[in-house]
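> Turn this into a model:
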Amino acid sequence: MPGHGGGGGGFLEDVLIAGGFLLVQCIVAGYIVFVGHLLALGADPLAIILVAGVASSAFFLPFAVALERFYCPSSPCIHYLSAQSLHCFWLLFFALWEELAFQDFPNSGGSACAH
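Okay, here's the model as predicted:
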């Protein structure tokens with residue numbers, strides 16, 4: 001097949017990737033419907049975000065550990081702690097700080113920095 005790197009089984013790989021994308025879309029759609037029902041029942045949105053974050057972290061943790069052990073079976077991968085990953089950490093830290101600093105909190109009457 002043109003465009004594939006000479007590995008055979010290109011059609012099956014394409015079908016599996018497309019099927020995976022379709023499965024993820026169905027899971028997200030089900031999650032949105034479920035969260036919509038929870039919000040209609042009066043659930044706190046922050047509690048939903050917290051529980052969903054903890055649940056997804058607990059779900060993906062074994063996969064992350066297995067992937068790390070696959071790539072570095074004898075010792076932790078120290079080379080991941082490079083300057084580039086440190087820059088990514090600070091980028092994420094400041095992005096989250098900016099998002100939290102300018103939130104419109106219900107009892108504050110506006111932005112958290114507008115006092």
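> Just confirm residue 39 contacts residue 47, I think it does.
No: counting by Cβ atoms under 8 Å, residue 39 sits too far from residue 47 to count as a contact (10.7 Å). (Glycine included, C-beta is placed from N, CA and C.)
> any idea whether residue 43 is helix, strand or coil?
Under DSSP: H, G, I helix; E, B strand; the rest coil, the three-state class of residue 43 is coil.
> tally of neighbours for it?
13 (other Cβ atoms under 10 Å).
> And it, what's its pLDDT?
Looking at residue 43, its pLDDT is 91.
> And the one 5 residues further on, by the same measure?
Among the per-residue scores, residue 48 holds a pLDDT of 88.
> which residues does it contact?
35, 38, 39 (Cβ atoms under 8 Å, 6 or more residues apart in numbering).
> so which strand or helix has it?
Element membership of residue 48, judged by DSSP states H and E, is helix 45-71.
> Which helix in this protein has the most residues?
Counting residues, the longest helix found in the chain (DSSP state H) is helix 10-40.
> now that one: mean pLDDT?
92.
> Buried residues in that helix, which are they?
Within helix 10-40, no residue counts as buried by 16 or more other Cβ atoms under 10 Å.
> elements contacting it?
helix 45-71 (3 or more Cβ pairs under 8 Å, 6 or more residues apart in numbering; DSSP states H and E).
> mind listing what's buried in the helix it packs on?
Buried-residue list, helix 45-71, by 16+ other Cβ under 10 Å: empty.
> Would you check how far apart residue 90 and residue 96 are?
As judged by Cβ to Cβ, to the nearest Å, residue 90 and residue 96 stand 11 Å apart.
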